[in-house]
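J.: please work out how this folds:
(one chain, ligands or ions: 1)
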Amino acid sequence: MASSVKNTAKKTAPKRTANQKKRSPHVKANAANDATAPFLSSTAAEEITKIFRALDRSRDGFIPRDGLLAAFNSKGIHTDDPRVKDTLEALKRSHEAIDLESFTKLFGHDIGFLNRIAKDQFIVPRFNEFCDEMSTMFEDCREIRDGAVADYIPQLARVAPDQFGMGVCTIDGQRASFGDKDVPFCVQSTCKPINYAMALTLNGEEKVHAHVGREPSGRSFNELALNDRGLPHNPMINAGAIMSCSLIHPDLPLSDRFDHVIKTWTALSGGAAPGYNNPVYLSEKATADRNFALAYFMQEKKAFPAHTDLLQTLDFYFQSCSIETTAERMSIAAATLANAGVNPLTNERVFSSETVKHCLSLMYSCGMYDFSGEFAFTIGLPAKSGVSGALMVVVPNRMGFAIWSPRLDKLGNSVRGIEFCRKLVERYSFHNYDGLSEGEAKKDPIRSQELYRSDLTYQLIHAASLGDLAEITRLVAHGADINAADYDGRSPLHLAAAEGRELAVAYLLARGANPQAKDRWGATPVEDANRHNHSEIEQRLKKSAAA
Ligand code: GLU
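T.: Numbering: from 1, shown residues only. Purely as a prediction, here's the structure:
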C-alpha cells in the first residue's frame, strides 16, 4: 500500500480548503462525509491513528483521497465490493485530502479490513504483478482463432465467435477481469456442478448417489448410456445433470424450484442476480430429443426418485442451462468453491465444505467432457466447461477463474479457455500435484499458507479486541481457529472479554470458544472480564463455562 499511496500522492497533490489549512489536522477538521464518527474504544482509536500515520507519507496530517482509493484498487478490492462499498462510496465523496478525523469517520468501522490493506495481508500479496501476468496470458490467447461455435441451436450459432472474457477472484475477494468480462453468456453445462451441489445440500450424499454414480463415463456427455446399476455415470454429464434436477425441491412448483437455483447463483456471485435467456431455453427444449431419450431411459430403469415428474424435470434442466452470467460474476462463483463454499465478498456460506469437496472431486474427474482425464493430467485442476464457451476453473484454497470464449474444439471445450489454463499452470504451481515436483521453476503468487494461517490467528485476536464482528465473521469463515492463541496464550475470547466486546464474546462462545482457556499468567476470559469490570460479559462467560 505504501508505495501506491506514495506514487499517487506525488501525482495528485491534494488541494486543501482554506478551512483545512487553518486547522490542526489531528484534532479538528472538515467533515468528509455525512456519517457520524463511530464510537471507538481507546484501543481502536489508537489503532486507526497508527494506520493513519503509516499512510501519511508526507507527514502533514493529510492523506490524498485518490491515493487511498488506488491502494484498495491495487489489492484487487473494487468499489462495488459489498464489504467496503459504503465506505469507499463515502471516500469518493470526501475531500481530496483526508485528515485523521475524516479518516476515522470513514474507516472506524473497517479497521480490520484497512489493516489488511495497509499490511498487504491478502492471499495474493503482489496482486498488480499477478494481474499483469494474467493480462499477458489473456492477450496471448486472444490470437487463437481455432474452433467453432456450437451450432445445435441458432441462439448459440449466432454468437460472435471471437468474443473473449476472463475473470479471476481470490478467496480474499481480490478481483480482476479482462476483455468481454461483462458480456452475458448462458451457463449451459457449467450449471451441472452447481445443481449437483444443490442436490447434495438438500438430500445428502447417500440419497443423491443412490440415483447418480460418480465415475467418469468414458463416453460422450450426452451418450445414451447408463452405468451397470442403470444410473447415470456422474452428475457432470447430461443424464446425471437431469438427475440432479430431479433432486432439487421436487415437491415445490417449478417456479419456486427455479427461484432456488437463481438465489443460489446470486449468492455464489456475491449478490448480483444472474440473467436468463428465454430464447435459449425455448430452443434447447425444441431440440432436446437426446435429453428426452435419456430421461425416458432413466425412467424405464427406475433410476429417478419416486414421483419424479419427468417433463417438469427436463424443463427445469433446460432452464438451468439457460441462466446467463458474465465472466466476472462466474469467477466469483468459482472463488466461492475455491473458498470451501463461503462467498469471499459476502462471507455467506453457500455450500458446506463437504458438499464443495464432493463437487470439486467430480469436476476434477469428469468436468471437461471427453477431455476430462487429459485435463486432470495436464492442468490438474477441477473445472467445468459448457457449450457456450464457458469454463469455470477452481484453484482450491486460492482462487477461481471464469473464461468465456465461444469457439469450441472437437470435444466441446473452449479452445482459448483450455489454452489459458495451459499457460496458467505452466507459469504457476497450481497443478494439484505441483508440490511433488522438486526444482520446477514455477511461480507461486500465493502468500505462504503457513503465514496466511498464522495471520488469520493474529487477525482474529485483533478483530476480537476491537469487537469488529464483520472481520471476525470473515476470519472464522476462512477457517481461523477460534481457540488459537498468541505467544502469551491470549485467545480471541480473552481479548474480547477484556475489552468489553459483548457481541464478539457472544459470537465466539456460540462458535465454541473456550471460556476457561488460560493465558500464560493463568488467567481465563472470565477473570479478564471481571478485572475490567464487564460484569454482564463475566456472567455470560460463567454461564457458558458451567454449561
Ligand atoms: N444444454 C446442453 C444440453 O443439454 C448442455 C450442453 C453443454 O453445455 O454441455 O445438451
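J.: quick one: contacts for the closest residue to residue 423 other than its chain neighbours?
T.: Of all residues not flanking residue 423 in the chain, residue 137 sits nearest, at 4.4 Å (CB to CB, 6 or more residues apart in numbering). Placement of C-beta: from N, CA and C, glycine included. By CB atoms under 8 Å, 6 or more residues apart in numbering, the contact list for residue 137 reads 420, 423, 424, 427.
J.: need the max-distance pair from these.
T.: Pairwise distances across the contacts of residue 137 peak at 11.0 Å for 420 and 427 (criterion: CB to CB).
J.: and the two? Which one has more around it.
T.: residue 420 (24 against 16; other CB atoms under 10 Å).
J.: which helix or strand contains the more buried one?
T.: helix 415-427 (DSSP states H and E).
J.: coming back round to it: closest one of the contacts of residue 137 to residue 350?
T.: Relative to residue 350, the closest of the contacts of residue 137 is residue 424; by CB to CB it sits at 24.6 Å.
J.: any idea of the pLDDT on the closest residue to that closest one other than its chain neighbours?
T.: Spatial nearest neighbour of residue 424, excluding adjacent residues (CB to CB, 6+ apart): residue 430 at 6.2 Å. For residue 430, the pLDDT comes out at 95.
J.: what about residue 430, how many residues nearby?
T.: 24.
J.: and residue 404, its phi and psi?
T.: When read as degrees, to the nearest 10, the backbone of residue 404 gives phi -130, psi 120.
J.: cool, and residue 178?
T.: According to degrees, to the nearest 10, residue 178 has phi -140, psi 150.
J.: what is the neighbour count of it?
T.: Residue 178, neighbours per other CB under 10 Å, totals 21.
J.: isn't it up against residue 132?
T.: No - counting by CB atoms under 8 Å, residue 178 stays clear of residue 132, with 11.3 Å between them.
J.: pLDDT on the longest helix belonging to the chain, on average?
T.: Looking across the chain with DSSP state H, the single longest helix is helix 449-466. Per-residue pLDDT values over helix 449-466 give a mean of 85.
J.: how far out from the middle of the chain is the helix or strand just after that helix?
T.: As assigned by DSSP H and E, the chain's next helix or strand after helix 449-466 is helix 469-477. Distance of helix 469-477 from the chain centroid (CA atoms, centre = their mean, to the nearest Å) equals 14 Å.
J.: list the buried residues in helix 469-477.
T.: Residues of helix 469-477 classed as buried: 469, 471, 472, 473, 474, 475, 476, 477 (neighbour count, 16 or more other CB atoms under 10 Å).
J.: nearest to the ligand, of the contacts of residue 137?
T.: Closest approach to the ligand among these (CB to the nearest ligand atom): residue 420, at 18.4 Å.
J.: which positions in the protein make contact with the ligand?
T.: With CB under 6 Å from any ligand atom as the criterion, the chain meets the ligand at residues 188, 189, 221, 222, 238, 284, 291, 321, 386, 387.
J.: distance of the third one relative to residue 400?
T.: The spacing between residue 221 and residue 400, counted by CB to CB, to the nearest Å, is 22 Å.
J.: over to the second one?
T.: To residue 400, residue 189 is 17 Å away according to CB to CB.
J.: equivalent analysis for the last one, please.
T.: Plainly put, residue 387 is 21 Å away from residue 400 if you go by CB to CB.
J.: of the two, who's got more company?
T.: Taking neighbours as other CB under 10 Å, residue 387 and residue 400 compare with residue 400 leading, 26 against 23.
J.: returning to what we had before: is it true that the residue nearest to residue 424 touches residue 398?
T.: Yes - judged on CB under 8 Å, residue 430 makes contact with residue 398 at a distance of 7.3 Å.
J.: shared neighbours of the two, anything?
T.: Applying CB under 8 Å, 6+ apart, one finds that no residue jointly contacts residue 430 and residue 398.
J.: surely the residue nearest to residue 424 is within a strand?
T.: No - according to DSSP: H, G, I helix; E, B strand; the rest coil, residue 430 belongs to no strand; its state is coil.
J.: for the remainder of this discussion, apply numbering that starts at 39.
T.: From this message on, residue numbering opens at 39, which makes the last subject residue 468.
J.: from residue 304, how far out is it?
T.: Shown here: residue 468 relative to residue 304, a distance of 28 Å by CB to CB.
J.: just residue 283 next, same as before
T.: Look at residue 283 and residue 304: by CB to CB, they are 19 Å apart.
J.: could you do residue 406 as well?
T.: In terms of CB to CB, residue 406 sits 26 Å off from residue 304.
J.: between the two, point out the one with more neighbours.
T.: Taking other CB under 10 Å, residue 406 and residue 304 do not tie; residue 406 has more neighbours (29 against 17).
J.: give me phi/psi at the residue nearest to residue 461?
T.: Here is the backbone geometry of residue 175 (degrees, to the nearest 10): phi -60, psi -40.
J.: ok, which stretches of this structure are strands?
T.: Assigned strands in the chain, in chain order: 101-102, 135-136, 203-208, 213-217, 223-224, 313-314, 361-363, 421-423, 428-433, 437-442 (criterion: DSSP state E).
J.: dump those strands to CSV, plus mean pLDDT and distance to residue 335.
T.: Shown next, in CSV, are the strands of the chain (pLDDT from 0 to 100; distance: least, CB to CB, whole Å):
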stretch, mean pLDDT, distance to residue 335
strand 101-102, 94, 66
strand 135-136, 95, 66
strand 203-208, 98, 37
strand 213-217, 98, 41
strand 223-224, 98, 26
strand 313-314, 98, 28
strand 361-363, 98, 26
strand 421-423, 98, 24
strand 428-433, 98, 27
strand 437-442, 98, 32
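J.: could these go into a markdown table alongside distance to residue 338?
T.: Converted to a markdown table, these look like this (distance: least, CB to CB, whole Å):
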| stretch | distance to residue 338 |
| --- | --- |
| strand 101-102 | 70 |
| strand 135-136 | 70 |
| strand 203-208 | 42 |
| strand 213-217 | 46 |
| strand 223-224 | 30 |
| strand 313-314 | 32 |
| strand 361-363 | 29 |
| strand 421-423 | 28 |
| strand 428-433 | 32 |
| strand 437-442 | 37 |
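J.: looking at the ones you listed, which is closest to residue 370?
T.: Among the strands of the chain, strand 203-208 sits nearest to residue 370 (CB to CB), with 4.8 Å.
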